[in-house]
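# predicted model and sequence follow; I will ask about them next.
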Amino acid sequence: MSPIMHVPLSKLTLSPRNARKTGGHDVSDLAANIAAAGLLQNLIVAPSDAGPDQFEVIAGGRRLSALQLLEREGRLPDAIATDGVPCRRIDDEAAIIEASTAENTIRTPLHPADQFEAFKAMVDAGKSIADVAAHFNIAEVVVRQRLKLANVHPQLVQAYRDDEATLEQLQALAVTDDHTAQLDVWTQSRDRWEREPRELRRKLTAREIPSTDPRVLFVGLAAYEAAGGPVRRDLFSTREDAYVADGKLLDRLVDERAAELVADVQAEGWSWVEFKQRCDYSELAEYGRHPTEPTYQKPTAADKARIKEIDKRLEQLDKLLVEMGENGDDGTDDYDQLWQEQETLEAESQRLSAGTEIWPEEVKAVAGALLVLDVHGGVQIHRGRLQPGQSIKAGRVAGQAKSADQPKKPEISDALVRRLTAHRTLALQAELAANPEVALKAVVYTLIEDVERGIGYESPSPLKISLRQADLPDSADLKQAPARKALQLALKGWRDKGLPTTAAARRAWIFQQPTEVLLGLLALAAAYSVDAVHGKGSSKPVADALAVDLKLDMAKWWAPTAENYLAAVPKALVIEAVAEACGKDEAAALTTLKSAPAVAEAAKKLAGTGWLPKVLRGPGYAVGAKPKAATATKAKPTGKAKKAAKKKSAAAKASSGAAKSKTPAKKAPATGWRKK
């Protein structure tokens, strides 16, 4: 092997025999690396016909270009500028071609996991993020992203190395630094859709306040941070999503800004002005309208100019949304953001076009204005409203308004309502899976509704029908819910009875089954699509109808405990629950206890009573009724199993008949029995 020789940079030229003919033109990153760490790999050269001291670079063309770039910029390392470029000379023609080809084909690129762990090692050794970025000529945000990935649980990084996880999934998991949470979300997500990056990110941030929350949009993320509020940003989100950690500070800032808006509207002369963070349609309806209608001042020149700007932007948004829909991007975060912008601009345009409201002074003297925070962080002002309990009779205000100082009745949170209705969803699923008759009716009804109303989505199936599962909250009590386990056992039961695990085998098996088996499978499939989850300001009456059809008794599937309900509601609601189920005397004993002991004692008193929160109650609900224990849903026996069951039943009847002559007859129980 020839020794290393040092050649002045001016004596080197790229050889036409160099194997790389395509790509590799951008050498800025390589130049930055050489400037920071020197030339780490020698060039391979051969004598040039241009002269005795001239050499052609047959391997290392990108390094040569990087050195020439550094020379032009005046950043060439001193050792190279003084001593020349370290090179290895090859004279044999066959060896020249072999060396150039090997240089450009044998080299294996660094795995991304190796790269971001190498970045972490450099930072741990004392390098700053800026130093690492300069070393590789990349943006500092790229270094931060790599360091964030290096902080993912080692088992998950290894899964990425083994092609069991994608880079996008790793980026989603990196939204938190909690290794336990990362691993839990990954291992507990069994189905493929549960491991979609968006779903992983949603689960890991379920208990945080996103920057898209109306309160954050109303206050402004910058104002929250200026007040000392901690923010955690998702480095991998295209929307630069951030998550707010201090909910109390956020609510205080909302109240402070709302007070300013209330004062501005109060200055218009209204008798009262109130601000609400949330107000659903039914609650807004309690604030009746004054029968007098306002007049409107025509839009000003500034308003008209703004309307033109909005119209121009709305045209752009229409085109963008149509294009994204045609390209299949209508389920992305970018699409949602544009859609929200469209809604906000349309509302602003309508308000400006209508003009400024002008109300008579006599109306302002008795009526007021309600300010409501909307989903986009804006504030809707409902002027000319009466307070709940008031009305206008004979031109005068009648009725007693509820005092603003009156303490609000304690209520459960929106998150808890969603979690409780998720339990109800699971219960409906478990019940429907065991009731093919109702399932058949529900599926037929759904299909006919699609026929009548129009189908809003395309499906690859010739039947144009597909399942869509409910978006259940991620909580421990739901994972251990008896109804969830019953549904899982129902599916396992069918698999035990022969339902294949591959698509081709399933089709062949299903097409050979009798109607009764198909009805059972239909019930199971329909059960998985049931969605009865809702928040405080909404409900799903169709789910109520299904609950009636199934004679759903939620007390079979859910009972109040400290973990799933009592510790998550105000103490007043805990006492109210005990009073309903056990009597006022039992409840009175809890009033002197602190919250934790009161919750523990209430859990004991409510056990076995069948008490349910209002959101879970249904027809036939009775406080204090002993609930039947939930049972695992089982697939109905078919074929030989059914015949065997009949023989066993006949034998049991014969045995029972022989015993009747010796045993006095017993009356049927008064309750808990129905004729089948």
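Structure received.

# centre-most residue in the chain?
Arg202 (3.1 Å; CA atoms, centre = their mean).

# so what's that one scoring on pLDDT?
Listed pLDDT for Arg202 reads 77.

# and the gap between it and Glu208?
11 Å (CB to CB, to the nearest Å). To be clear about C-beta, it is placed using only N, CA and C from the backbone, and glycine gets the same treatment.

# name the helices or strands packed onto the helix or strand encompassing the residue nearest to the centre of the chain?
Using DSSP states H and E, Arg202 sits in helix 197-204. Contact analysis of helix 197-204 by 3 or more CB pairs under 8 Å, 6 or more residues apart in numbering; DSSP states H and E lists helix 167-173, helix 179-188 as its packing neighbours.

# tabulate these (TSV), appending distance to Ala600 and mean pLDDT.
Formatted as TSV, these follow (distance: least, CB to CB, whole Å; pLDDT from 0 to 100):
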stretch	distance to Ala600	mean pLDDT
helix 167-173	36	83
helix 179-188	27	84
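
# for the ones you listed, which one ends up most surrounded?
Mean neighbour count (mean count of other CB atoms under 10 Å) peaks for helix 167-173 among the helices and strands packed on helix 197-204, with a mean of 22.

# if we look at it, which residues are touching it?
Helix 167-173 has contacts (CB atoms under 8 Å, 6 or more residues apart in numbering) with 112, 145, 149, 152-153, 156-157, 160, 182, 185-186, 195, 197-198, 200-201, 204, 236.

# swap in 7 Å and give it another go.
Contact partners of helix 167-173, identified using CB atoms under 7 Å, 6 or more residues apart in numbering, comprise Pro112, Leu149, Val152, Leu156, Tyr160, Gln182, Trp186, Arg195, Pro197, Leu200, Arg201, Phe236.

# if any of those are buried, put those into a PyMOL selection.
Buried members of the contacts of helix 167-173, defined by 16 or more other CB atoms under 10 Å, are picked up in PyMOL with:
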select buried, resi 149+152+156+160+182+186+195+197+200+201+236
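
# count of residues packed around Ala547?
21 (other CB atoms under 10 Å).

# any idea how far Asp477 is from Thr561?
Going from Asp477 to Thr561 by CB to CB gives 8 Å.

# sorry, wrong one. I was asking about Gln155.
For Gln155, the distance to Thr561 - CB to CB - is 33 Å.

# local confidence estimate at the closest residue to Glu343 other than its chain neighbours?
Nearest non-adjacent residue to Glu343, counting by CB to CB, 6 or more residues apart in numbering: His376, 6.9 Å away. Note on His376: pLDDT of 78.

# is it fair to say His376 lies in a strand?
No: assigned with DSSP: H, G, I helix; E, B strand; the rest coil, His376 falls outside any strand and is coil.

# tell me how many other residues surround it.
Neighbours around His376, by other CB under 10 Å: 16.

# same question, Lys364
17.

# my read: it touches Trp270, true?
Yes: counting by CB atoms under 7 Å, Trp270 is a contact partner of Lys364 at 5.2 Å.

# buried sites along stretch 60-78?
Neighbour-count burial for stretch 60-78 flags 60-70, 76-77 (criterion: 16+ other CB under 10 Å).

# output that stretch as CSV - backbone C-alpha positions only.
What follows is stretch 60-78, C-alpha atoms only, in CSV (Å, rounded to 0.1, in the frame of the first residue of the first chain):
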residue,chain,number,x,y,z
GLY,A,60,-13.1,11.8,-2.5
GLY,A,61,-14.6,14.2,-4.9
ARG,A,62,-17.1,15.7,-2.4
ARG,A,63,-14.2,16.2,0.1
LEU,A,64,-12.3,18.0,-2.6
SER,A,65,-15.3,20.3,-3.4
ALA,A,66,-15.7,21.0,0.4
LEU,A,67,-12.0,21.9,0.7
GLN,A,68,-12.2,24.2,-2.3
LEU,A,69,-15.4,25.8,-0.8
LEU,A,70,-13.5,26.4,2.5
GLU,A,71,-10.6,27.9,0.7
ARG,A,72,-12.9,30.4,-1.2
GLU,A,73,-14.5,31.4,2.1
GLY,A,74,-11.1,31.7,3.9
ARG,A,75,-12.0,28.9,6.4
LEU,A,76,-9.5,26.2,5.2
PRO,A,77,-7.9,24.5,8.2
ASP,A,78,-4.4,25.7,8.9
